[in-house]
Every structure is written in C-alpha cells, then in structure tokens.
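Visitor: just coords:
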C-alpha cells in the first residue's frame, strides 16, 4: 500500500545528514550524559538575542492584547515593518528599495519556497555551487524543479564560474548562491559576484524567461577579520536577495525572513505580487506577528559577534592540534575541514567513537570534507580536542 508520494519517500530515504547526526547526538547524550558528548552537527544559534529584546517584548505585549493585536496581517507583512526593512536593505544592498519591493516571509526557507513556487515550471532547473544547503533540492523539488550542482574550488571554495556557465541550459531558471556559505564559511568576493552578474546578463540577453540570480543570505551579518560582504542586488536587475533574522538576532524559532527584489527587474511588481500570493497559498498566510514586531524593534541590533569569533579561533586550534587540514572560515559559524584519509563518512564514523558529532560533506554534495558548527558552548569545543586527535590518528 502506497501511503505517501514517491517523491517524499525518496526524500525520507535520503534524509538530511544534519538531522541524522543531531538525532544520534540526542541518543548519545542519554547514554553518556550531555557533558560527555560533543555535538557540532546543527547550526542552531545559541547566543542570546540582543539585550534590548526583553524591553521590546514587553512593549509588544502591550500591543498584542489589544483587539486584532495578534490577528492576520497583510500577506506581504506588516506595512510598517516592510517600510523599515526597505530602508535597512537600501543601506545594506546599495539599491534604492521601497516597501513594495519587499515580502516578509516565514524565515529564509519560506522565502525560497514561495519564490520557487512563483517562478518554477515542472522540469525547470535550479543551479547551485556545491557544497550547498541540502534543503535546496526539496524546496524546488516540491514544484517539479530539479537541483543541479557544480563543485566549487577548494581550498577557498569560490564558485567555478566557467563550470556554472557550462551547466546552464534552456531549463535553468535560477542560479542560487549562499555567501557567507553554509557549510564552508566562504565569502564570495566582489570579483566573483561581478562575474556572476555578467554571466546572468549574457544568458538573459537571449532569453524570454529570465534566469534569476538568488542570493540566500541568512549569515550576511557574520563575517570575521574585517572581511567585507559585497551587496548582490547591484550586480544584476534579475538579482533577488533573501535573508532572515534567525541567526543575526537569535530568533530562529520566530521564523522571520524576507525577499527583496531589485527594482530594476522587468515586471518587478508582478513578481512581488506573485510571491505574496504563493506566500499565502502555500499555507504560510503571513509571517508571525510577534516575530515581525520584535525584528522591527531590533532591526539595527545584533547578537554579540565576538562570541562566535572566539569559538572560531578555539575550533581552529583544536583542528590544528589534531593535524586536520582546513581553510579558516571568513563568515557564518561553520568549518569545512578535509577528512583525514579522504573518506568523509568513514571519518565521521570514527569521530562517533569519541562522542564527537560532525556532518559528512556528502550531505552537502561535496565528499571528502566534513562540517562542524561552532555555534556551541566553549566547553564543547575544548572537550572535543582529544576525540579529534584520536580519530585523526587512525587515518
């Protein structure tokens, strides 16, 4: 008896390595105790929200208990929040945005899903550099889209631009990028972005259905060593930026994200209206009201980045002492080291013997490497050192 669809059955069989390792971590914590398990599997922001969040929440509570304080809002988001976002993103992206160019969504995931629903026909392709965030395939696959990937270039993990161009076909509808990158921590350079914009322009010069350049930016706020994260909207009229406040404000559970569309896009209003509709008809309806109000109150705030930087340096020392090769991440809160011995799944299994949990690069479409999230307590990083060293010795 076929209870569920074949597509979902396949997704379940290829369940996210991130979740598999997280669940294994829960099992080990029950068995050995949480203080003896060193779990680097999940990118769950653990730093508290900005200090002003308490004051903002109290003020929001007063509004919430008024009539319609927690009622439906326009599907594209609270008008005041869209206006505030437009001003904030104008400064960030260096393109003059108005509220009519913004849709507030249920996280960056809701933004991507709503966008794909609005632009993808069955059989269309979404092209991504690899390694990539594993859910991209599911997000576009729900609507008949097909994810294609092109390996990036280690050790810097800048995208292979000639490889991407060679992989574009008439069916390629979206080129999606993610910088700072999950899982590598790479930040795409201005030169890389400029060339990507030129690539999109060359393709669209001969197209009736344009190729969109989508920038998935939940980690934009998080860069180290004075690294600059260039804006994406100026590089092409067909650029669309998506982000969230899950990491920057530690509001992951509130599910507040956004889509910002370049005003120079032909039929920009039509696309925004389409995404507003798909945001509704996919069942999101509107992003959570409390989360919108909280993000609006904290729009110019952020979590303490020095904590992530301290952990980054501590993790680098642990890996160095174990003799594991890696590129220092420029952004986000992940390392993507080379697996000793070259077999990422075998090395991750070896780490498990020492209660250290990592995610094999295979889960991100790039074997031979593994991902570590350093969004964990300092004690977890320090306690893992012996396990990394012992596992690396085996290879």
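Guide: Done, it's in. Because the structure is predicted, anything quoted here is derived from the model rather than measured.
Visitor: quick one: the helices in the chain?
Guide: 6-13, 17-32, 53-64, 79-93, 107-119, 136-141, 161-167, 190-204, 268-281, 289-297, 305-322, 344-352, 378-383, 385-393 (DSSP state H).
Visitor: just the ones you listed: most buried one?
Guide: helix 107-119 (a mean of 25; mean count of other CB atoms under 10 Å). Yep, even glycine has a C-beta here, placed from its N, CA and C like the rest.
Visitor: what about that one, average pLDDT?
Guide: On average, the pLDDT along helix 107-119 is 97.
Visitor: now the helices of the chain in JSON lines, with distance to residue 151?
Guide: Output for the helices of the chain, formatted as JSON lines (distance: least, CB to CB, whole Å):
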{"stretch": "helix 6-13", "distance to residue 151": "23"}
{"stretch": "helix 17-32", "distance to residue 151": "18"}
{"stretch": "helix 53-64", "distance to residue 151": "40"}
{"stretch": "helix 79-93", "distance to residue 151": "29"}
{"stretch": "helix 107-119", "distance to residue 151": "22"}
{"stretch": "helix 136-141", "distance to residue 151": "15"}
{"stretch": "helix 161-167", "distance to residue 151": "7"}
{"stretch": "helix 190-204", "distance to residue 151": "15"}
{"stretch": "helix 268-281", "distance to residue 151": "31"}
{"stretch": "helix 289-297", "distance to residue 151": "36"}
{"stretch": "helix 305-322", "distance to residue 151": "22"}
{"stretch": "helix 344-352", "distance to residue 151": "14"}
{"stretch": "helix 378-383", "distance to residue 151": "29"}
{"stretch": "helix 385-393", "distance to residue 151": "24"}
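Visitor: can you tell which of these is closest to residue 224?
Guide: helix 305-322 (5.6 Å; CB to CB).
Visitor: got the contact list for that closest one?
Guide: 47, 221-222, 224, 326, 328-329, 333, 335, 337, 372, 374-376, 378, 381-382, 384-385, 388-389, 391-392 (CB atoms under 8 Å, 6 or more residues apart in numbering).
Visitor: hang on, the earlier thing: out of the helices of the chain, nearest to residue 243?
Guide: Taking those one by one with CB to CB, helix 107-119 is closest: 5.9 Å.
Visitor: who are the packing partners of that closest one?
Guide: strand 102-105, helix 136-141, strand 172-177, strand 212-216, strand 239-244, strand 257-261, helix 268-281 (3 or more CB pairs under 8 Å, 6 or more residues apart in numbering; DSSP states H and E).
Visitor: what's the least confident stretch among those?
Guide: helix 136-141 - the lowest mean pLDDT of the helices and strands packed on helix 107-119, at a mean of 94.
Visitor: what sits up against that helix?
Guide: With CB under 8 Å, 6+ apart, helix 136-141 has contacts from 7, 11, 109, 112-113, 116, 120, 124, 126, 128, 146-147, 174, 176.
Visitor: and if we set it to 10 Å?
Guide: 7-8, 10-11, 14, 16, 109-117, 119-120, 124-126, 128, 133, 135, 145-149, 173-174, 176, 178, 214, 216, 365 (CB atoms under 10 Å, 6 or more residues apart in numbering).
Visitor: on that earlier part again, identify whichever of the helices of the chain lies nearest to residue 43.
Guide: helix 17-32 (7.9 Å).
Visitor: tilt between that closest one and helix 344-352?
Guide: If you take axes from the mean of the first three to the mean of the last three CA atoms, to 10 degrees, helix 17-32 sits at 20 degrees to helix 344-352.
Visitor: quick one: list the elements packing against helix 17-32.
Guide: When contacts are defined as 3 or more CB pairs under 10 Å, 6 or more residues apart in numbering; DSSP states H and E, helix 17-32 packs onto strand 38-39, helix 344-352, strand 356-357, strand 359-360, strand 370-373.
Visitor: residue 273 is nearest to which of the ones you listed?
Guide: If we rank the helices and strands packed on helix 17-32 by CB to CB, the stretch that ends up nearest is strand 370-373, at 37.3 Å.
Visitor: partners of the closest one, with directions?
Guide: Strand 370-373 has the following strand partners under DSSP bridges: strand 334-335 (antiparallel), strand 359-360 (antiparallel).
Visitor: surely residue 339 and residue 359 touch.
Guide: No: counting by CB atoms under 10 Å, residue 339 stays clear of residue 359, with 11.3 Å between them.
Visitor: can I get the helices and strands packed on helix 107-119 in a markdown table with distance to residue 38?
Guide: Shown next, in a markdown table, are the helices and strands packed on helix 107-119 (distance: least, CB to CB, whole Å):
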| stretch | distance to residue 38 |
| --- | --- |
| strand 102-105 | 34 |
| helix 136-141 | 28 |
| strand 172-177 | 31 |
| strand 212-216 | 29 |
| strand 239-244 | 27 |
| strand 257-261 | 30 |
| helix 268-281 | 39 |
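Visitor: to residue 42, which of these lies closest?
Guide: Across those, closest to residue 42 is strand 239-244 (CB to CB), at 16.3 Å.
Visitor: what packs against that closest one?
Guide: Strand 239-244 packs on helix 79-93, strand 102-105, helix 107-119, strand 172-177, helix 190-204, strand 212-216, strand 257-261, going by 3+ CB pairs under 10 Å, 6+ apart.
Visitor: residue 301 is nearest to which of those?
Guide: Among the helices and strands packed on strand 239-244, helix 79-93 sits nearest to residue 301 (CB to CB), with 11.5 Å.
Visitor: before we move on, back to that, dump the helices and strands packed on helix 17-32 to a markdown table, plus distance to residue 263 and mean pLDDT.
Guide: A markdown table is the format used below for the helices and strands packed on helix 17-32 (distance: least, CB to CB, whole Å; pLDDT from 0 to 100):
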| stretch | distance to residue 263 | mean pLDDT |
| --- | --- | --- |
| strand 38-39 | 43 | 94 |
| helix 344-352 | 43 | 96 |
| strand 356-357 | 44 | 94 |
| strand 359-360 | 39 | 94 |
| strand 370-373 | 36 | 96 |
